[in-house]
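>>> Prediction below, plus the sequence it came from.
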Amino acid sequence: MKQSIEQWLGWMGIGLSIVFLGGFTLVMNQITVTQFSTLFSAVFPAVFNQMPEEEAFRQFKTLGAWFGFTLLIVILLVVVANSLIMYRNYRKAAAGILALAGLICLVGTQYLAFPIAFLFFAAAALCLIRKPKPRKCFSQKECLNE
């Protein structure tokens with residue numbers, strides 16, 4: 001079946017989320033305290049001046065866990081929204097789910113992933129603005145052969 005622009009925006013948002021949120025989560029799950037202090041002490045000197053290395057490491061690990069949890073929820077919501085668009089053409093429901101995915105992406109990353117969330121909000125807006133394409137098939141067997 002042919003993908004709509006709304007679906008492509010959702011898939012691009014998932015791809016960027018996997019790269020950035022999943023990448024940060026993966027790095028934070030694999031790193032040790034000594035590696036963390038050598039890597040991040042130059043980037044975040046204010047953090048290391050205010051608290052011990054172990055506390056900063058624990059907080060960054062917690063942030064990585066939040067990013068991973070956010071990533072799973074966003075992937076689930078976008079897959080559901082794309083399924084609603086593709087198979088049932090429920091565009092208003094899909095718009096709500098995509099807007100929720102954008103909101104969760106914003107809140108779950110503490111507003112760090114706002115460019116990624118913008119893709120979800122744009123897809124939700126397009127679901128509401130664009131008119132649905134009429135289906136050409138009358139049975140499910142005909143729709144699967146497209």
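Arrived safely.

>>> How about M12: what's its closest non-neighbour residue?
L119 (5.7 Å; CB to CB, 6 or more residues apart in numbering). Yep, even glycine has a C-beta here, placed from its N, CA and C like the rest.

>>> residues touching the one you found, list them.
When contacts are counted by CB atoms under 8 Å, 6 or more residues apart in numbering, L119 touches 9-10, 12-13, 16, 102.

>>> Name the spans of the protein whose pLDDT lies under the cut-off.
1, 133-146 (pLDDT under 70).

>>> Show me where it has its helices.
In the chain, the helices defined using DSSP state H lie at 5-17, 23-30, 33-40, 45-50, 53-83, 91-108, 114-129, 140-144.

>>> Format the contacts of L119 as TSV; extra columns: distance to L26.
Below are those laid out as TSV (distance: CB to CB, whole Å):
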residue	distance to L26
L9	25
G10	22
M12	20
G13	19
L16	15
G102	23
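
>>> List buried members of the residues you listed by neighbour count.
Buried subset of these (neighbour count, 16 or more other CB atoms under 10 Å): 9-10, 13, 102.
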